[in-house]
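Chemist: What follows is a predicted protein model with its sequence.
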Amino acid sequence: MSISFAASARTLVAAVGVTLGTALCAVAADAQTLREQTRTATPSTHILAVNPFLPLFGYFQGEYERRLQDNLSLAVAGSHVRYDEYYTNLDVKLRLYPQDRALDGFGIAAGLGVGSAKPDENIVFDCSINFECVERAARRVTAPTFSVEAQYQWLLGRTRRTAVSVGGGAKRYFFSDSDLQDRIERVLPTARFTIGYVFR
């Protein structure tokens, strides 16, 4: 009788131990899953992004973007690119995300900044004097700018730490007539392709 009772007791203790072990493992797994979900659900706050291909050709395009609220972010962008002439820009942009997922998805931005341009050649023709064209030394000119753009940004990976963005728009340079040097354009299209790191 005592042997049977002892065996039953050992069986009961073993069953309780297995049950407690299983429950503890489940609680630990649930806690880990909750931590992962919380970490993933935490809104991204900052993105630092660059175009990785432009430096191969001697140019640059980069941007720092910060989330302000669910549908709004603030960005500071810089670029040095060439169309017919060389253009260097620094812009501050306010970007609206209509789907209330700042830094993720479709966004529309308006920006103010400063831009400079320099003709590709050392000599340009100035035709603004008495309807005659004269040769002048090319010089760099600077003016305020206004830009608009639309973009789509993806946050990739399990932790959503990689941002890929593509977009385009237009920029207006407020050069004076004397600054145009016969070739510099006042309005130019813009394009964007960047890969960035997301941090909180």
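Modeler: Nice, I can see it.
Chemist: Name the residues of the helix or strand Gly115 falls within that come out as buried.
Modeler: Element membership for Gly115, per DSSP states H and E: strand 105-118. For strand 105-118, a neighbour-count test (16 or more other Cβ atoms under 10 Å) marks 107, 109, 111, 113, 115-118 as buried. The way it works is simple: take the backbone N, C-alpha and C, and place the C-beta from them, glycine included.
Chemist: try stretch 192-200
Modeler: 192-194, 196, 198.
Chemist: tell me which of these is nearest to Arg66?
Modeler: Checking the buried residues of stretch 192-200 against Arg66 with Cβ to Cβ, the nearest one is Val198 at 11.4 Å.
Chemist: How far does stretch 43-59 stretch from one end to the other?
Modeler: 32 Å (Cα to Cα, to the nearest Å).
Chemist: what comes up buried for that stretch?
Modeler: Neighbour-count burial for stretch 43-59 flags 44, 47, 49-51, 54, 59 (criterion: 16+ other Cβ under 10 Å).
Chemist: In a markdown table, list those residues along with secondary structure.
Modeler: Output for the buried residues of stretch 43-59, formatted as a markdown table (DSSP: H, G, I helix; E, B strand; the rest coil):
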| residue | secondary structure |
| --- | --- |
| Ser44 | coil |
| Ile47 | strand |
| Ala49 | strand |
| Val50 | strand |
| Asn51 | coil |
| Leu54 | helix |
| Tyr59 | coil |
